[in-house]
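Chemist: Please work out how this folds:
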Amino acid sequence: MRPILITVIILFMHLFATAQSWRVYYDSTELYWGSDWKKCIQLLEKSLPIVETELGKNNQNYVVLLNDLGLCYNYIGNLQQAESLYKETIALKKDILGENDLDYAATLLNLAIVYQEQNKTKEAEEVYARVLQNYAINYGENHAEYANIQNSMGQLFLTAGNFSRAEPFFKKALHIYALSYGKESSYYATALKNLGNLHRSIGDFKTARKHLSEAAAIHKGLYGENHPAFAQSIGEMAALLQQMGDYGEAEKLYIRALGIQKELKGLEELKYANTAINLAVLYIKIGLYSKAKEHFENALPIIRSLSGDNHINYATALNNYANYFIAVQDLTKAIIYFNEAIKI
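Modeler: Numbers count the residues shown, from 1 in each chain. Okay, here's the model as predicted:
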């Protein structure tokens with residue numbers, strides 16, 4: 001949800017038209033929000049200098065526009081620009097709102113996620129810790145919002161391969177979700193899924209399968225078998241089975257997940273594309289190259305469109321595509337796609 005813009009009354013008529021022009025630009029972003037981030041960027045970049053001149057950088061309207069501009073750059077995958085804008089927003093919010101304000105924590109969280117997406121583990125950890133301090137004050141340490149950050153920190157360390165540090169965060173989140181929502185909730189299932197992926201990463205397949213099966217059962221009970229949450233769960237189980245060498249069962253689950261995810265729209269369509277990439281990688285493994293290529297060609301444009309040309313998710317997909325060309329012995333194309341991935 002976007003923050004509410006504060007309306008400022010301009011008393012002098014000769015300032016009114018100029019002051020309102022930034023508001024027109026800002027209001028126009030609502031037409032493109034979620035569908036055309038580059039157009040939103042154009043409008044916000046036109047409005048910001050006007051707000052700075054008329055109202056000053058310490059005005060909350062300026063801070064809202066700056067934060068929204070950071071979000072837009074984040075969504076198109078320009079993480080360095082998003083990082084810069086979030087940092088500026090945080091500095092202003094700290095002065096205006098103070099470090100204990102939840103809106104201040106919201107931009108801290110955005111910055112932590114951007115660091116995480118850039119694999120800046122140390123920086124992300126430091127910012128997540130500041131969010132935790134804020135949430136402990138505002139919510140308490142047994143609140144679901146506090147658990148969400150615990151969960152995010154677990155994901156941070158899981159991605160970084162620091163499994164011993166990831167596990168306590170996932171277990172803490174699981175405990176809080178059980179208290180807050182119960183053991184049949186989607187939150188609890190998500191935490192179980194994360195623990196399952198952790199055990200998969202360390203080769204403890206038995207425990208991983210137990211957690212992932214329980215998560216899938218909860219999602220099935222809550223939403224039925226045609227829901228994206230259930231599709232995500234069985235997709236995670238497919239990844240486990242693939243790692244265990246059970247390619248036939250893994251393929252069945254990937255195909256089942258894709259059948260559910262093909263109806264997703266907007267940013268959620270990324271889940272379909274990521275599952276398609278995972279299935280393509282499986283097909284490379286078992287030598288079904290034509291099927292692998294088909295799924296790569298379906299998924300890559302979606303990932304590029306929704307994540308942007310400079311996003312790590314797109315780079316990973318390109319790297320996997322390069323591996324496909326190695327498998328079919330087309331080294332020229334493999335080098336092209338490896339180089340594209342490396343540039344990102």
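Chemist: name the element the residue positioned nearest the centre of the chain belongs to?
Modeler: Nearest to the mean C-alpha position of the chain, counting by C-alpha atoms, centre = their mean, stands I113 at 7.5 Å. In this assignment (DSSP states H and E), I113 forms part of helix 102-117.
Chemist: Summarise which helices and strands that helix is packed against.
Modeler: The helices and strands touching helix 102-117, judged by 3 or more C-beta pairs under 8 Å, 6 or more residues apart in numbering; DSSP states H and E, are helix 60-75, helix 79-96, helix 121-138, helix 144-159. Every residue, glycine included, has its C-beta placed from N, CA and C.
Chemist: Of those helices, which is nearest K291?
Modeler: Nearest to K291 among the helices and strands packed on helix 102-117 is helix 144-159; the distance by C-beta to C-beta comes to 28.4 Å.
Chemist: Check which element follows that closest one along the chain.
Modeler: From helix 144-159 onward toward the C-terminus, using DSSP H and E, the following helix or strand is helix 163-181.
Chemist: tell me what that next one is packed against?
Modeler: For helix 163-181, the contact count by 3+ C-beta pairs under 8 Å, 6+ apart identifies helix 144-159, helix 186-201 as packing neighbours.
Chemist: Number of residues surrounding K293?
Modeler: Other residues lying near K293 total 17 when counted by other C-beta atoms under 10 Å.
Chemist: likewise the one 4 residues further on?
Modeler: A count of nearby residues for E297, using other C-beta under 10 Å, gives 12.
Chemist: ok, now how distant is it from D330?
Modeler: Summarising the geometry, the distance separating E297 from D330, computed by C-beta to C-beta, to the nearest Å, is 14 Å.
Chemist: And for I96?
Modeler: With distances taken as C-beta to C-beta, I96 is found 56 Å from D330.
Chemist: Compare the two (neighbour count), which wins?
Modeler: Of the pair I96 and D330, I96 is the one with more neighbours under other C-beta under 10 Å, namely 16 against 13.
Chemist: Might you report the residue contacts of the more buried one?
Modeler: N58, Q60, V63 (C-beta atoms under 8 Å, 6 or more residues apart in numbering).
Chemist: quick check, nearest of the residues you listed to E141?
Modeler: V63 (28.6 Å).
Chemist: Which pLDDT value belongs to that closest one?
Modeler: According to the per-residue confidence, V63 scores 94 in pLDDT.
Chemist: re earlier: nearest to Y337, of the helices and strands packed on helix 102-117?
Modeler: Closest of the helices and strands packed on helix 102-117 to Y337 is helix 79-96, at 21.2 Å (criterion: C-beta to C-beta).
Chemist: Around G221, count how many other residues there are.
Modeler: Residues near G221, counting by other C-beta under 10 Å, number 11.
Chemist: helices or strands next to the helix or strand where it lies in the packing?
Modeler: Taking DSSP H and E as the criterion, the element that holds G221 is helix 205-223. For helix 205-223, the packing partners by 3+ C-beta pairs under 8 Å, 6+ apart come out as helix 186-201, helix 228-244.
Chemist: how about stretch 91-108: buried residues?
Modeler: Buried residues in stretch 91-108, counted by 16 or more other C-beta atoms under 10 Å: L92, K93, I96, L97, D103, Y104, A105, A106, T107, L108.
Chemist: what residues are up against the last one?
Modeler: Spelled out, it's L108. Each residue near L108 by C-beta under 8 Å, 6+ apart is listed here: I90, V127, R130, V131, N134.
Chemist: ok, those residues vs Y283, which is closest?
Modeler: Proximity to Y283 was ranked across these by C-beta to C-beta; first place goes to V127, at 38.9 Å.
Chemist: Once you drop chain neighbours, what's closest to the closest one?
Modeler: For V127, the nearest residue in space outside its immediate sequence neighbours is A112; the separation is 4.0 Å by C-beta to C-beta, 6 or more residues apart in numbering.
Chemist: What's the separation between that neighbour and V131?
Modeler: 6 Å.
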